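In: any chance you could fold what I've pasted below:
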Amino acid sequence: MKSLLPRTIAACSLLASVSLAQTPPPRVQMCPPTQSIPLQFTNWASSVSFPRFDPNTGILVGVQVTLSSDVEVSAQYESLDAAPALVTLVRSADLFVFRPGAPTPPALVTVSPSNSIQQQASAFDGVLDFRGTSGGMIPPTTFSDVSTVNLPPPASDLALFTGPAGNPGIITLPVTAQGASQAFGPGNIASQFTTRAGVNVQVCYLYYPDCNNNGIADYIEIQGNPNLDRYGPGTCAPDGILDVCQPEPDCDLDGLPDRCELVGNDCDGNQVPDNCQPDCDGDGVADACELINGTAVDRYGVTTCVPDGIPDNCQPAADCDNDGLPDRCELVGNDCDNNQLPDNCQADCDGDGIADACELINGTAVDRYGVATCTPDGIPDNCQPAADCDGDGLPDRCELVGNDCDNNQFRTTASRTATSTGSRTRAS
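Out: Numbering: from 1, shown residues only. Below you'll find the predicted structure:
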């Protein structure tokens with residue numbers, strides 16, 4: 001495995017050089033659960049294990065190891081002097097936490113809980129029984145001590161407590177406890193101590209976040225370019241973490257999350273800035289805002305006759321009567337000839353409100369000729385009257401073939417009838 005020591009030392013050096021110019025922020029502290037060894041008779045040797053620091057978390061700059069211990073000691077003494085004596089009982093134990101491997105000095109951290117008591121003893125009463133006037137028994141007494149060491153130095157301890165990125169593993173620290181109680185007096189003293197000791201060991205990692213894992217603490221990058229930190233989770237203010245490490249929707253790619261740009265910029269309350277919403281006519285005002293403020297209308301869609309969220313002026317459609325609805329939306333019951341053109345927009349030569357085509361279809365009008373033709377032209381004949389001497393509904397000009405011997409554009413049969421009628425009139 002590639003050594004982490006050079007990277008750790010380099011990071012610390014970088015932090016130190018930057019601190020000359022700017023005060024770094026407080027270090028982040030991360031403490032795995034405290035490990036305990038219960039009270040037990042000394043002397044004993046055991047161990048405690050902790051997760052190593054994961055470099056993906058940040059740049060490790062310090063390790064705190066705290067050792068606290070409870071020691072319980074009972075004592076017995078007997079003065080063997082021929083004269084009275086003041087006996088001092090020092091009840092104590094030494095507890096050590098070592099670096100991984102064999103428990104060899106120097107220890108990482110040491111505590112030596114201690115408590116002293118003095119007892120007045122008479123001249124030896126002749127019986128070594130830890131009783132009587134020259135002896136005594138002190139019941140179990142518990143006392144504590146705590147000590148914390150801050151690493152480094154040495155710098156190698158940072159690498160010792162650091163594991164591989166993503167899978168740091170554990171570090172196991174040997175722990176030992178030794179009884180260290182003693183009895184003191186002016187002469188000969190017999191003593192006996194019973195000692196139990198237990199410990200709590202805590203390891204805390206002190207680090208600077210390096211969320212993008214580039215070997216440079218986030219705060220250093222931010223000090224070099226404040227725009228790298230413009231918001232935090234739930235806030236729109238810097239939080240000391242690179243924004244790139246906590247991405248959020250940013251529709252306009254200006255470096256601020258959408259949620260930080262909604263004030264006065266979210267007319268429809270959909271949590272999307274107006275400047276990121278569709279603007280079909282390119283006037284700088286979102287379609288939704290124009291529909292809300294009434295500067296645009298939405299009555300139909302590209303293929304529908306219901307609103308679709310797009311202003312109608314951006315999807316124009318044929319509207320023969322200019323009422324704002326496309327022709328295709330006004331055909332139901334209004335297209336008698338199925339030509340996809342509303343009846344109210346079709347020709348109505350007699351102005352009776354019924355389209356010519358409809359009158360021809362429903363039989364209230366006929367179409368047998370045109371202005372210059374003798375075939376239907378789609379216009380009711382009553383709107384383009386022509387001379388019809390025999391009143392049969394066809395103009396005279398349409399009945400001349402083989403029926404106009406003198407080429408006077410007047411039907412022969414009609415001429416004879418007129419002449420005959422005229423002679424009788426004259427005779428009378």
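In: okay, CA-based contacts and neighbour counts for the rest of this
Out: Will do.
In: quick check: pLDDT value at V401.
Out: Per-residue confidence at V401 stands at 87 (pLDDT).
In: how many other residues sit next to it?
Out: Here the number of neighbours of V401 (other C-alpha atoms under 10 Å) works out to 11.
In: what's the answer for Q223, then?
Out: Q223 is surrounded by 15 other residues when neighbours are defined as other C-alpha under 10 Å.
In: any idea how far it lies from G240?
Out: When C-alpha to C-alpha, to the nearest Å is the yardstick, Q223 and G240 sit 10 Å from each other.
In: checking my notes, S116 in a strand, right?
Out: Yes - counting by DSSP: H, G, I helix; E, B strand; the rest coil, S116 is part of a strand.
In: so in terms of bridging, what pairs with it?
Out: Partner residues in beta bridges with S116: V90, with DSSP bridges as the criterion.
In: and the most centrally placed residue in the chain, which of the three is it?
Out: Most central in the chain under C-alpha atoms, centre = their mean is E248, positioned 5.4 Å from the mean C-alpha point. Per three-state DSSP, the secondary structure class of E248 is coil.
In: who's in contact with it?
Out: Each residue near E248 by C-alpha atoms under 8 Å, 6 or more residues apart in numbering is listed here: P257, D258.
In: how much space between it and I379?
Out: Distance check for E248 against I379: by C-alpha to C-alpha, it reads 67 Å.
In: which non-adjacent residue is nearest D258?
Out: For D258, ignoring the flanking residues on the chain, the nearest one in space by C-alpha to C-alpha, 6 or more residues apart in numbering is D250 at 5.1 Å.
In: how about R230?
Out: The shortest distance from R230 to any residue other than its chain neighbours is 4.6 Å, reached at P238 (C-alpha to C-alpha, 6+ apart).
In: next SSE downstream of the helix or strand bottoming out on mean pLDDT in the chain?
Out: Taking mean pLDDT, DSSP states H and E as the measure, helix 5-19 is the helix or strand of the chain with the lowest mean score, a mean of 43. Using DSSP states H and E, the helix or strand that follows helix 5-19 in sequence is strand 28-30.
In: same for that following strand, what does it pack against?
Out: If you count contacts as 3 or more C-alpha pairs under 8 Å, 6 or more residues apart in numbering; DSSP states H and E, strand 28-30 packs onto strand 189-209.
In: show me what the strand it packs on is packed up against.
Out: Counting by 3+ C-alpha pairs under 8 Å, 6+ apart, the packing neighbours recorded for strand 189-209 are strand 28-30, strand 35-41, strand 58-79, strand 85-97, strand 182-184, helix 218-224.
In: any buried residues in it, and which?
Out: Applying a neighbour-count criterion of 16 or more other C-alpha atoms under 10 Å, one finds 189, 191, 193-209 buried in strand 189-209.
In: over to stretch 138-154?
Out: Along stretch 138-154, these residues count as buried under the neighbour rule (16+ other C-alpha under 10 Å): T142, S144, D145, V146, T148, L151.
In: what ranges does this structure have for its helices?
Out: In the chain, helices defined by DSSP state H lie at 5-19, 156-160, 218-224, 287-293, 356-362, 412-427, listed in chain order.
In: please compute how far the second one lies from its chain's middle.
Out: Right, the one you point to is helix 156-160. Distance of helix 156-160 from the chain centroid (C-alpha atoms, centre = their mean, to the nearest Å) equals 36 Å.
In: only C-alpha atoms, please: export that helix in CSV.
Out: Backbone C-alpha positions of helix 156-160 (Å, rounded to 0.1, in the frame of the first residue of the first chain) are rendered in CSV as follows:
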residue,chain,number,x,y,z
SER,A,156,4.1,9.5,11.7
ASP,A,157,1.2,9.1,14.1
LEU,A,158,-1.2,10.7,11.6
ALA,A,159,-0.3,8.0,9.0
LEU,A,160,-0.6,5.4,11.8
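In: contact partners for E72?
Out: P140, T141, T142, F143, T195, R196, A197.
In: against L242, how distant is the first one?
Out: With distances defined as C-alpha to C-alpha, the gap from P140 to L242 amounts to 56 Å.
In: for the fourth one, same thing?
Out: Taken as C-alpha to C-alpha, the spacing of F143 relative to L242 amounts to 48 Å.
In: ok, the last one next?
Out: To L242, A197 is 47 Å away according to C-alpha to C-alpha.
In: so for stretch 353-363, what's the average pLDDT?
Out: Stretch 353-363 comes out at a mean pLDDT of 91.
In: can you list contacts of that stretch?
Out: Looking at stretch 353-363 with C-alpha under 8 Å, 6+ apart, the contacting residues turn out to be 336-337, 343-344, 346-349, 365-367, 378-380.
In: just put those residues in JSON lines and tack on neighbour count.
Out: Formatted as JSON lines, the entries for those read as follows, by neighbours: other C-alpha atoms under 10 Å:
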{"residue": "C336", "neighbour count": "18"}
{"residue": "D337", "neighbour count": "14"}
{"residue": "D343", "neighbour count": "23"}
{"residue": "N344", "neighbour count": "16"}
{"residue": "Q346", "neighbour count": "15"}
{"residue": "A347", "neighbour count": "16"}
{"residue": "D348", "neighbour count": "19"}
{"residue": "C349", "neighbour count": "16"}
{"residue": "A365", "neighbour count": "16"}
{"residue": "V366", "neighbour count": "19"}
{"residue": "D367", "neighbour count": "23"}
{"residue": "G378", "neighbour count": "15"}
{"residue": "I379", "neighbour count": "24"}
{"residue": "P380", "neighbour count": "23"}
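In: any chance of those residues in TSV with distance to T42 as columns?
Out: Putting the contacts of stretch 353-363 into TSV (distance: C-alpha to C-alpha, whole Å) gives the following:
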residue	distance to T42
C336	109
D337	110
D343	109
N344	109
Q346	112
A347	115
D348	117
C349	121
A365	124
V366	125
D367	125
G378	120
I379	122
P380	124
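In: report the buried residues of stretch 242-258.
Out: For stretch 242-258, burial by neighbour count (16+ other C-alpha under 10 Å) applies to L242, D243, E248, D250, G255, L256, P257, D258.
In: and which of these is nearest S36?
Out: For the buried residues of stretch 242-258, the residue nearest S36 by C-alpha to C-alpha is L242; the value is 37.6 Å.
In: and that closest one, what's its pLDDT?
Out: 95.
In: so it makes contact with N227?
Out: No - with contact defined as C-alpha atoms under 8 Å, L242 and N227 do not form a contacting pair (9.1 Å).
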